[in-house]
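> Generate coordinates for the sequence data below:
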Amino acid sequence: MHRTDVVFGKGRAADIGEELSRLGVERPLLVTDPTLVEVGVVEPIVAALEADGIDYDLYDEVEPNPRVATVESGVDRLESGDRDGVVGIGGGSSMDTAKAIAGRATNGGTIADYEGLQNFEVDPLPTVTVPTTIGTGSEVTSAAVITHPDRDEKLGILDDALIPNVALLDPTLLESLPSDVAASTGMDCLTQSVMAYLSTNANPITDALTRAAVEMISENLPAAVAKKDLDALMNMQIATTIEGTGFMNAGLGLVHAMSHPVSAHYDTPHGVTNGVILPAVLKYNRVAREEKYADLANAMGVATHTMTTREASKRFVEEVEDLSAAVGIPDGLADLGVEESYLPDLAEAAVTRKDTRRNKGTNPRVSTEEDVLEIYRDAF
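Below is the predicted model of the structure:
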């Protein structure tokens, strides 16, 4: 297993050719979405490759909640151009797709064959990730989440081989990030940080990472969304990579177990879905982690020294709700188009499917299908 080399700094996108050369990649496939090409976010990467005389191909067909077919189409594109490496540019959707293409290309079959844990037998092609949002942590993780429309669910593909070789973080690529995408991905970042901090698999090292991320998110997300402040965006980008390292070791708990079935069925944005469900899960979990809740309230700037642990733990949930409202996350699942009559089906999916069961297993409070249904109703 390799680790991800993190390359960070304003303007570092210009170093993409150097990083690819170091990996022995001469003919990369760039994987991104059409909007990023349209608004010019991909341009600095392309310009740097052209300046270095590197032969690249641009695959810009990634959609939100990317599908199995998108990965397979990307593999076809890679093979037809005899590409020898993959660069994922964008948010979690593009980076997950890039990682999935890199793994599938060397292992055959279809990407659905690799659902679950450690199923790749051959190392993927060298992979570089270039995050252009402030949320998923995918740039440093071993996971790719791919939607399987025929099964109406998301496939969790987790394999240490999928850990990218290089994460290239250039805050200037965030300058055109739309406010709604900043809010959505920022709430994903908060959800992953918080739930990893509360996880049954948390340890002092993951706690140090995820608590630091919560502090940075609390301080920077409003300015990143409202003012497009570059320093705030940069700090959110740093927080994202920090929490990605943390949650890969600690787990994600009940929010992701519940949000994946919603996104798979209704095609809702992952970060928004997490943001809507997070307060309801926090209310449910609070009795199991009151001291950690109190500590997270402190991380979000609350003067908890005058409060009891219980008061401070309740205040943390309120702070999360306030931050969510401040950046424009909807109040409930109904606002995302979820039908109340479908909640029992979502609850069943959240406790029975492979990917959701794995996330649910690290939640600090044990829950039944009936409990999960009640949490969905609270979030509705």
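> where does this structure have low pLDDT?
1 (pLDDT under 70).
> tell me the contacts of Thr245?
Thr245 makes contacts with 137, 140, 209, as judged by C-beta atoms under 8 Å, 6 or more residues apart in numbering. C-beta coordinates here come from the backbone N, C-alpha and C atoms, glycine included.
> where does Glu19 fall, helix, sheet strand or coil?
Secondary structure assignment for Glu19 (DSSP: H, G, I helix; E, B strand; the rest coil): helix.
> picking up where we left off before, out of the contacts of Thr245, who's nearest Gln118?
When the contacts of Thr245 are compared for distance to Gln118 (C-beta to C-beta), Val140 wins out at 17.8 Å.
> Isn't the closest one up against Thr241?
Yes: contact criterion C-beta atoms under 8 Å: Val140 and Thr241 qualify, at 5.7 Å.
> what's the overlap in contacts for these two?
Common neighbours of Val140 and Thr241 (criterion: C-beta under 8 Å, 6+ apart): 6, 167.
> which SS state does Thr129 fall under?
strand.
> Who is it paired with across the strands?
Thr129 has these beta-bridge partners by DSSP bridges: Gly88, Ala167.
> quick one: it from Thr172, how far?
Distance, Thr129 to Thr172, using C-beta to C-beta, to the nearest Å: 16 Å.
> Neighbour count for the two, which is higher?
Thr129 (30 against 16; other C-beta atoms under 10 Å).
> I'd like the distance between that one and Ala182.
Relative to Ala182, Thr129 is positioned 19 Å away (C-beta to C-beta).
> Which parts of the stretch 101-250 of the chain are strands?
Using DSSP state E, counting those that start in this stretch, the strands of the stretch 101-250 of the chain run over 116-117, 127-131, 143-148, 153-158, 166-169.
> quick one, which of these is nearest to Thr309?
Checking the strands of the stretch 101-250 of the chain against Thr309 by C-beta to C-beta gives strand 143-148 as the closest, at 33.6 Å.
> by how many degrees do the closest one and strand 153-158 diverge?
Strand 143-148 and strand 153-158 meet at an angle of 160 degrees, taking axes from the mean of the first three to the mean of the last three C-alpha atoms, to 10 degrees as the criterion.
> Tell me which other helices or strands strand 143-148 touches.
helix 68-80, helix 92-107, strand 153-158, helix 253-266 (3 or more C-beta pairs under 8 Å, 6 or more residues apart in numbering; DSSP states H and E).
> quick one, which of the ones you listed is nearest to Pro44?
helix 92-107 (15.5 Å).
> Can you show me the CA trace of the closest one as CSV?
Taking C-alpha atoms only, helix 92-107 is exported to CSV below (Å, rounded to 0.1, in the frame of the first residue of the first chain):
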residue,chain,number,x,y,z
GLY,A,92,-15.9,13.7,-5.1
SER,A,93,-17.8,12.5,-8.2
SER,A,94,-14.8,13.2,-10.6
MET,A,95,-12.2,11.9,-8.2
ASP,A,96,-14.1,8.8,-7.3
THR,A,97,-14.7,8.1,-11.0
ALA,A,98,-11.0,8.6,-11.8
LYS,A,99,-10.0,6.2,-9.1
ALA,A,100,-12.6,3.7,-10.3
ILE,A,101,-11.4,3.9,-13.9
ALA,A,102,-7.7,3.5,-12.8
GLY,A,103,-8.6,0.3,-10.8
ARG,A,104,-11.0,-1.2,-13.3
ALA,A,105,-8.6,-0.6,-16.3
THR,A,106,-6.0,-3.0,-14.9
ASN,A,107,-8.3,-5.6,-13.4
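> How far does that helix sit from its chain's centre?
15 Å (C-alpha atoms, centre = their mean, to the nearest Å).
> ditto for stretch 296-308
The answer for stretch 296-308 is 27 Å, by C-alpha atoms, centre = their mean.
> Can we start the residue count at 20 from this point?
Yes, from this point I'll number from 20; that puts the last item at stretch 315-327.
> residue furthest from the geometric center of the protein?
For the chain, the residue at maximal distance from the C-alpha centroid (C-alpha atoms, centre = their mean) is Thr325, at 35.4 Å.
> Pro383 contacts Val306, correct?
No: contact criterion C-beta under 8 Å: Pro383 and Val306 do not qualify, at 9.4 Å.
> residue contacts, Lys48?
Wrong residue type there; residue 48 is Leu, not Lys. Contact partners of Leu48, counting by C-beta under 8 Å, 6+ apart, are 75-76, 78, 93, 96-97, 100, 102, 104-106, 120.
> did I read that right, it in a helix?
No: using three-state DSSP, the assignment for Leu48 is strand, not a helix.
> how close does it get to Tyr75?
7 Å.
> Tell me the residues that contact both of these two, please.
Common neighbours of Leu48 and Tyr75 (C-beta under 8 Å, 6+ apart) are Val106.
> most packed of the strands of the stretch 120-269 of the chain?
strand 146-150 (a mean of 29; mean count of other C-beta atoms under 10 Å).
> counting contacts, what elements does that one pack onto?
By 3+ C-beta pairs under 8 Å, 6+ apart, strand 146-150 packs against helix 35-41, strand 104-109, helix 111-126, strand 185-188, helix 249-269.
> Generate TSV for the strands of the stretch 120-269 of the chain, with distance to Pro288 as supplementary columns.
Listed next are the strands of the stretch 120-269 of the chain as TSV, based on distance: least, C-beta to C-beta, whole Å:
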stretch	distance to Pro288
strand 135-136	25
strand 146-150	16
strand 162-167	13
strand 172-177	13
strand 185-188	22
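> who wins for proximity to Val25 among the ones you listed?
Comparing these by C-beta to C-beta, strand 185-188 comes nearest, at 5.0 Å.
> Going along the chain, name the helices of the stretch 220-369 of the chain.
223-245, 249-269, 272-285, 289-304, 309-318, 328-345, 362-371 (DSSP state H, counting those that start in this stretch).
> Off-centre distance for the first one?
Think helix 223-245. Worked out by C-alpha atoms, centre = their mean, helix 223-245 lies 15 Å from the chain centre.
> of the helices of the stretch 220-369 of the chain, which approaches Thr54 most closely?
Among these, if distance is taken as C-beta to C-beta, the winner is helix 289-304, at 15.8 Å.
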